[in-house]
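Asks: What follows is a predicted protein model with its sequence.
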Amino acid sequence: MSNKSTALSSLIETAARVVGTRTLRAVDYLRVSTEEQKKGYGVARQSRKTTRHIALKQWAHVGTYKDEGVSGSLEAADRGDLKRLMDDAQQTPRPFDIVVVPDGRVIGRKGRAFWRWVWALEDIGVYVAVVVDDYDNTTAEGRKKMRRDADYAETEWETIRDRTQGGLQEKAELTPAAHIGGRPPYGYRIANKGTPGSHLVVDEDEAKVIRHVYDLVVGEGLNLRKATIRLNSEGIKSRTGKSWTRDNLRDRVISTPVLDAVLVFRGKHAKTDEDSTTLWGDSIRIELPRILTEEQSAELRRKVAETAKHSSGQRSFYPLSGRIVSLCQRTYSGISFASERECARFYRCTGNAPRDLSQKSCGCSRIDAAALEAHVWTRVTEIASDSEKLQTLAAEWIGMTEGDTAALGDRIADLDRQIEGMNASIAAVIVATAKQSKSADAIETAAAVLNEELQQLQNLRDEAADWLAEMEESDQRARDLIALAAMAKKSFPDMAPEQQAAILSMLELKVTVTGPVPDDRRGGVPCTVRAWYAANGLGIPAAGLSDEEWAKVTLLLPKGRRGTVRRSVDAIFYKARTGKSWPEVLKDTGATIQASKHFNAWTSDDTWTRVNAALSDVEQVPLPELQLLPPMIIEGRVDPSAMLHPEGRSRTGCR
């Protein structure tokens, strides 16, 4: 939003004053929900309407934004392309003048979602045109029509939701083993699919797999990972036809429907009102036909827990697992190599170790865990220690900046004037009708349409007042953020990884990797040459050895042939000095792979210790600082009311 309201004159007049004779630039915004997609409706159908409309208006079609499978109840910040449209509208110079939508429902099905982004565009001089009935929000009549559409869309959405939820509740209560939507749990299939009486029955093919897993785990004592390997080796596929993974097997077989023969409808996700009363009905346990007996289920659950506990061991904690987005758009998770090297901790891209052996590795670099955690935590501490920065992010969380308070106040004042004018119009209509007819019904009928308009205006005014209240209720939020900043300065540096994870969760931290780890550290394996020098606290010859310097060590080393040994010595020093990988070192120095073998042999029999001692008076340089981390973007989200309203979720990011 801008800091002042834009007068709602005609778009054509406004744009003409700004762009002169230049053709108005239009973009279209298209949206279909998941349900519409299932019915075969796509954005292409909407695109034909908007493209034709733009052509008839003789506007220049300069772009398209589209959200597919996105609910109309979501606000702009929660829709990918609509958020991009709003960001683009803020650019200078502005890339377009008007946004065209096929109908009002594309804007949104809830008043707040409908109006917030329309108003935000109005305030910067960009308007919205609706193809159906050919209107826009540049005139009083157009705004009136848009309010009707918004009111109808929300009423329609509420009606559909109530009917759908009520029907599901009734079916769950009355139909044995009722199918209430979605894919059936593994081991079951849908009988009478597509009818009101659809219900779940045992799928015998999948049930055989479940019983086979029971035999492997309980009968043969295999853990789930080994059971997964056995299933794949026997050619037994998952429901999708792919190879089994351990997690997939656990989620499908060690599940409530399989082990307890129960589906819970609504459960902990049942929607409640402010008084904690369920809106559409209580949770319902839907009994299913059993695949395993109760005794078998209990034994399978016990064995899985027992083998998991036995195989897990002592593992390191990784506070950034799942919060790092790789170059291949997967996430990183922690991995340890304690059995190979002490304290070897890394983050590895999940695409680099696919659970399905038929998939190729993505090749993303491993990242040193200690270095990454220290770097990220330093940035988090900087952000959390700055109370002014947190206050700014808190304002962004509710979708506005501090200066928008004035714009919102102007919006409320404008609605108050419209409400006052509407009340005057209603009074005039009542008086005129009363003079013509004394019938109360006639008076009520005459004022009905205006009363409906008045109610819509009042609803918009109330909603705008609620938004303004969110901005003004900042005292407690400011105290909370200042307290967080004070705690960050004092406590953050010494927090344990588990405590860090809690803070990262509250800040909704996200790390996006934008490039590979430097070549010398891509595999995440420590350099043995560097490790030797670090352990011995020695420097490295600053340059290649001269003939005089070479003479000091030549008697300590084997002769070799055609200068192989000298090239190996130069290569080892070069690697220690630059930190490069062996392939690069061999390419740069002309040495052979024998250099690596020489180093391993000479460090084993202390030859390399004697070589470095003989060169102690040669000019030396320290070990180079390693670049352990790839380029990255660290983002967070601040919910200023988290301590007051833990169910709230932030919608805007910070960088």
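Replies: Perfect, thanks for sending it. Residues are numbered from 1 along each chain as shown.
Asks: So which residue is dead centre in this structure?
Replies: Closest to where the C-alpha atoms of the chain average out (CA atoms, centre = their mean) is residue 510, at 8.4 Å.
Asks: so that residue makes contact with residue 325?
Replies: Yes - judged on CB atoms under 8 Å, residue 510 makes contact with residue 325 at a distance of 6.7 Å. Placement of C-beta: from N, CA and C, glycine included.
Asks: Got the phi and psi for the residue nearest to the centre of the chain?
Replies: Phi and psi for residue 510, reported as degrees, to the nearest 10, are phi -140, psi 130.
Asks: helix/strand/coil for the residue nearest to it when sequence neighbours are not counted?
Replies: Of all residues not flanking residue 510 in the chain, residue 635 sits nearest, at 4.7 Å (CB to CB, 6 or more residues apart in numbering). Secondary structure for residue 635, judged by DSSP: H, G, I helix; E, B strand; the rest coil, is strand.
Asks: Give me the local confidence score for the residue nearest to the centre of the chain.
Replies: Here, the pLDDT recorded for residue 510 equals 86.
Asks: ok, it - contacts?
Replies: 323, 325, 634, 635, 636, 653 (CB atoms under 8 Å, 6 or more residues apart in numbering).
Asks: where's it relative to residue 319, distance?
Replies: Shown here: residue 510 relative to residue 319, a distance of 13 Å by CB to CB, to the nearest Å.
Asks: circling back: how close does the residue nearest to the centre of the chain sit to residue 320?
Replies: For residue 510, the distance to residue 320 - CB to CB - is 10 Å.
Asks: Ok, residue 351 next?
Replies: From residue 351 over to residue 320 the distance is 17 Å, taken as CB to CB.
Asks: likewise residue 491?
Replies: Taking CB to CB, one finds residue 491 at 19 Å from residue 320.
Asks: the more surrounded of these two?
Replies: residue 320 (23 against 12; other CB atoms under 10 Å).
Asks: The more buried one belongs to a helix?
Replies: No - with three-state DSSP as the criterion, residue 320 is located in coil rather than a helix.
Asks: you'd agree it is up against residue 374?
Replies: No - between residue 320 and residue 374 there is no contact, the gap being 11.1 Å when judged by CB under 8 Å.
Asks: right, and the helix or strand after the helix or strand hosting residue 549?
Replies: Element membership for residue 549, per DSSP states H and E: helix 547-553. Downstream of helix 547-553, the first helix or strand assigned by DSSP H and E is helix 564-578.
Asks: Tell me the buried residues in the very next helix or strand once past that following helix?
Replies: Counting by DSSP H and E, the next helix or strand C-terminal to helix 564-578 is helix 582-589. Using 16 or more other CB atoms under 10 Å as the test for burial, helix 582-589 gives 582, 585, 586, 589.
Asks: Near residue 349, how many other residues are there?
Replies: Residue 349: 24 neighbours (other CB under 10 Å).
Asks: For it, name its beta-bridge partners.
Replies: Under DSSP bridges, the beta-bridge partners of residue 349 are residue 332.
Asks: I'd like to check which residues are in contact with it.
Replies: Contacts of residue 349 (CB under 8 Å, 6+ apart): 326, 328, 330, 331, 332, 362, 364, 365, 366.
Asks: In ChimeraX, select just the buried ones from those residues.
Replies: Typed into ChimeraX, the line below selects the buried ones among those, using 16+ other CB under 10 Å:
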select :326,330,331,332,362,364,365,366
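Asks: could the contacts of residue 349 go into TSV alongside distance to residue 505 and pLDDT?
Replies: As requested, the contacts of residue 349 are exported to TSV (distance: CB to CB, whole Å; pLDDT from 0 to 100):
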residue	distance to residue 505	pLDDT
326	20	90
328	24	88
330	20	87
331	15	88
332	16	88
362	26	82
364	24	85
365	26	82
366	24	84
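Asks: Mind checking which of the contacts of residue 349 are in strands?
Replies: The strands, defined by DSSP state E, take in residue 332 from the contacts of residue 349.
Asks: thinking again about what came up before, which of the contacts of residue 510 count as buried?
Replies: For the contacts of residue 510, a neighbour count by 16+ other CB under 10 Å gives the buried set as 323, 325, 634, 635, 636.
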